[in-house]
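Asker: Compute the structure for the input listed below.
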Amino acid sequence: MRLLTISGSLRTASSNTALLEAVARLAPPGVEIVSYLGLGELPHFNPDLEAAGPPPSVLALRAEVGAADGVLFSSPEYAHGIAGSFKNGLDWLVGSLEFPGKPVAILNAAPRASHADAQMREILRTMSARLIEPAMLTLPIQGSRLDAAGIAARPDLAEPIRAMLRSFVEAIREAQSAVA
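Answerer: Now for the predicted structure:
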């Protein structure tokens, strides 16, 4: 199984990125975690560019989403919403054939960031994502200065991540076997 992670933060020392990197460290055998790192390379969404044929960076994003069995998102909250660069990336997926019906889980690195979480859920529902509610996770990572190794080493953080992964993988496998 191949899962794609997308952090909504462009910061080098992002707690959202560290959380997703910890997910990769804690993935069970047979689950490959791939990180999409091109968010900052995407052009501003413009329907004219879409109509002319999406730029290579957009095609690369869509290919990564298409190759994934599920997508894990984590985004910081800015001014009670998701990061602009993250929304831009989602906008490029709206017109894609790869995203609708894709199993999705949202990981929140800051319990007080409830507005971004709600906004992300609304956007992803509108985009026809399949939100896997048992795999949604909020952990108090922001401000802890923990990197991925530090998050993975703490049992109080690692076990909820492992449980989230089990729920997410199980939901995807159930859906795949229902189709087969």
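Asker: which stretches of this structure form helices?
Answerer: For the chain, applying DSSP state H gives helices covering 15-26, 47-52, 56-67, 84-94, 114-126, 148-153, 155-179.
Asker: Adding distance to Leu4, write those helices out as TSV.
Answerer: All C-beta spots, glycine's among them, are computed from the backbone N, C-alpha and C. Below are the helices of the chain laid out as TSV (distance: least, Cβ to Cβ, whole Å):
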stretch	distance to Leu4
helix 15-26	10
helix 47-52	21
helix 56-67	6
helix 84-94	11
helix 114-126	14
helix 148-153	17
helix 155-179	12
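Asker: Let me know which of these is the nearest to Ile106.
Answerer: Of all those, the one in closest proximity to Ile106, counting by Cβ to Cβ, is helix 114-126 (5.6 Å).
Asker: counting contacts, what elements does that closest one pack onto?
Answerer: With contacts defined as 3 or more Cβ pairs under 8 Å, 6 or more residues apart in numbering; DSSP states H and E, helix 114-126 has these neighbours: strand 77-78, strand 81-82, helix 84-94, strand 103-108, strand 130-131.
Asker: Could you check how far Glu77 is from Ala83?
Answerer: Going from Glu77 to Ala83 by Cβ to Cβ, to the nearest Å gives 8 Å.
Asker: on that earlier part again, for the helices and strands packed on helix 114-126, which one sits closest to Pro47?
Answerer: Minimum separation from Pro47 across the helices and strands packed on helix 114-126 (Cβ to Cβ) falls at helix 84-94, 9.5 Å.
Asker: what sits up against the closest one?
Answerer: For helix 84-94, contacts defined as Cβ atoms under 8 Å, 6 or more residues apart in numbering pick out 6, 8-10, 39-40, 42, 44-45, 50, 54, 58, 61-62, 65, 73, 75, 78, 81, 99, 123-124, 127.
Asker: chain center to it, what's the gap?
Answerer: With Cα atoms, centre = their mean, to the nearest Å as the basis, helix 84-94 stands 12 Å off its chain's centre.
Asker: Out of the helices and strands packed on helix 114-126, which is the most enclosed?
Answerer: Burial of these is given as mean neighbour count (mean count of other Cβ atoms under 10 Å); strand 103-108 ranks first at a mean of 24.
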